[in-house]
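sequence and predicted model, in that order:
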Amino acid sequence: MESFIINGNNKLEGVVEISGSKNSALPILASTILHGREYVIKNVPDIDDVRRMLEILILLGCYATYENGCCYINTKGLDTYDISDELSKKLRSSIIFLGPMLCRNKIAKITYPGGCDIGSRPIDLHLYGLKELGVDVKEEGDFVLCTAYNTHSNDIKLKYPSVGATENLMLFAVGVEGTTRIINPAKEPEIIDLERFLVKCGYKIKGAGTDTITIYGEKNIDKNEVVEYGIISDRIEAGTFLALAASTNSKICIKNINKEFLNNIINIYKDSGCLIDDVEDYIYIINNDRIKSINKVTSCPYPGFPTDMQAQLMASLSIADGISTIEETVFENRYKHVSELNKMGANIVVEDKLAIINGVKKLHGENVNVRDLRGGAALVIAALAAEGKSIVNNIHHVNRGYEKFVYKLQNLGADIVEITDIK
Ligand code: UD1
């Protein structure tokens, strides 16, 4: 088992550079199979999820390598339509291969993804949208077999703006002749980034970030030159460092950000009393005091407050002055960090989707277990704010999504080390 050993209650200070966005990198890497050609994808974070995505590309017959933040990919060799079992178990995001695989091969087989740490992860919206474009979907036990021999463009109205479904549909519809519109798509910045990437590849698509995405599917565009693309920076990583500064009474300058995508997080921390200077392409946050409680924060699709920041915000609010509430509306089972925060002295009660957080003056160090990526980040924040020593276990969840996390924290003065095989 891998763990972090953290001695908390230190004020942090310094500059942190935010890495490329995990949730942009994964679908962009999957979309390279749309057409056999060469790609250079820059600003890709060095994290386990990216490594698994590259392994999947290699197992599909493609060339994929990673060096200094760049992925060098050639997908000419793609030699299967089967993304089942072993490959899909490597990463839940493998579902995003479905759209581009189907677009390229007209056939794709994928294992139906099971539940995960934050709740059931159905793909009904992905399949509904594909069927609306004429895809034949056969669900056979654990597998879904899709064929696309009789496709047509269409208007697809999503009943919920699912990020993954929007991505899969964009990545299939670019190859369907005619004009397809996705109505009520996800508006997350990562969708905008995917659209920019597709435009760079030569596809005709517009509207990402708005209520309708329009895709002008075309089969015969020139797709031979090497595509070079730099992905946006990770807004959730930036938010995590904001939460850290707010919780540890620190002074941190957060660089390499796309500020326009962070307002929903920055505003919450401004409301909590932190001093935040965010006029340029960096955020400077100072917090000298205990933060103020927030009456109610509801996680919801972008531009609402991101579910991926819910746990880190909860860590901050657990030591705020007063009572706060958080409502989690995106995932059904995303409060697994609560029992661990409570072990550290927090006073949080969960009632269905609501978490009621009665701020305490101080947390204390504890031996805690990480159950999912963002919950793990929350426990690291709590441990850095707490008095005494914490052992945070099962940190492979954290390493899935944060590049050089320990190094970046140590640079800010945090007393944290990573160890393996703790007895
Ligand atoms: C993506 C992000 C994840 C983030 C989430 C919501 C990546 C790799 N992951 O996940 O970090 O937390 O968006 O911002 O980008 N749903 C259905 N049917 C479907 C699809 C989704 O009911 O067919 C439900 C899910 O169960 C969930 C909600 O919709 O309750 C949101 O899911 P979705 O937006 O699809 O999230 P992901 O793409 O899985």
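Thanks, I have the structure now. None of the values given here were measured: they were computed from a predicted structure.

in stretch 261-276, what's buried?
F261, L262, N264, I265, I266, I268, Y269, S272, G273, C274, I276 (16 or more other Cβ atoms under 10 Å). To be clear about C-beta, it is placed using only N, CA and C from the backbone, and glycine gets the same treatment.

what parts of the protein come near the ligand?
Contacts of the chain with the ligand, taken as Cβ under 6 Å from any ligand atom, map to 23, 26, 93, 120-126, 160, 162-165, 186, 190, 307-308, 330-331.

all helices for the stretch 151-300 of the chain, in order.
Secondary structure of the stretch 151-300 of the chain (DSSP state H, counting those that start in this stretch): helices at 163-173, 189-201, 235-248, 263-271.

send the alpha carbons of the first one over as PDB?
I take that to be helix 163-173. What follows is helix 163-173, C-alpha atoms only, in PDB (Å, rounded to 0.1, in the frame of the first residue of the first chain):
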ATOM      1  CA  VAL A 163     -19.900  15.100 -20.300                       C
ATOM      2  CA  GLY A 164     -19.000  11.600 -21.600                       C
ATOM      3  CA  ALA A 165     -22.100  11.300 -23.700                       C
ATOM      4  CA  THR A 166     -21.500  14.700 -25.300                       C
ATOM      5  CA  GLU A 167     -17.900  13.700 -26.100                       C
ATOM      6  CA  ASN A 168     -18.800  10.300 -27.600                       C
ATOM      7  CA  LEU A 169     -21.500  11.900 -29.700                       C
ATOM      8  CA  MET A 170     -19.200  14.700 -31.000                       C
ATOM      9  CA  LEU A 171     -16.600  12.000 -31.800                       C
ATOM     10  CA  PHE A 172     -19.000   9.900 -33.800                       C
ATOM     11  CA  ALA A 173     -21.000  12.600 -35.500                       C
END
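
make 842 the first number, not 1, from now on.
Right, with 842 as the first residue, what we last looked at is helix 1004-1014.

elements contacting it?
If contacts are counted by 3 or more Cβ pairs under 8 Å, 6 or more residues apart in numbering; DSSP states H and E, helix 1004-1014 sits against helix 863-872, helix 939-946, helix 965-973, strand 1019-1024, helix 1030-1042, strand 1053-1058.

so who does T992 touch?
Going by Cβ atoms under 8 Å, 6 or more residues apart in numbering, T992 touches L974, G975, V976, V1017, E1018.

state the pLDDT value of it.
On pLDDT, T992 comes in at 96.

in the stretch 842-991 of the chain, where is pLDDT below threshold?
955-961 (pLDDT under 70).

swap in the stretch 992-1141 of the chain?
Ranges of the stretch 992-1141 of the chain meeting pLDDT under 70: 1060-1063.

show me what residue of it gets nearest to the ligand.
G1005 (2.9 Å; Cβ to the nearest ligand atom).

that residue against L939, yeah?
No - using Cβ atoms under 8 Å, G1005 makes no contact with L939, being 9.5 Å away.

between these two, tell me which one has more neighbours.
Set G1005 next to L939 and count neighbours by other Cβ atoms under 10 Å: L939 wins out with 27 against 22.

pull the contacting residues for the more buried one.
Applying Cβ under 8 Å, 6+ apart, the residues near L939 are I924, A949, I951, H967, L971, V985, C987, N1009, F1013.

please name the nearest non-neighbouring residue to the last one.
Beyond its immediate neighbours in the sequence, the residue positioned closest to F1013 (Cβ to Cβ, 6 or more residues apart in numbering) is G940, lying 3.8 Å away.

ok, now how distant is that neighbour from S994?
Distance of G940 to S994, computed by Cβ to Cβ, to the nearest Å: 15 Å.

more neighbours: which of those two?
G940 (33 against 18).

I'd guessed the more buried one sits against G1005; true?
No - using Cβ under 8 Å, G940 is not in contact with G1005; the gap is 9.7 Å.

show me which of the buried residues of stretch 1102-1117 is closest to Y1176.
I1109 (18.2 Å; Cβ to Cβ).

surely the closest one meets I1135?
Yes - using Cβ under 8 Å, I1109 is in contact with I1135, at 6.4 Å.

contact partners for the closest residue in space to N1099 that isn't next to it in sequence?
Distance criterion Cβ to Cβ, 6+ apart; nearest residue to N1099, sequence neighbours excluded, is I1073 at 5.1 Å. Neighbouring residues of I1073 by Cβ under 8 Å, 6+ apart: G861, S862, S865, N884, P1030, E1031, D1034, N1099, F1102.
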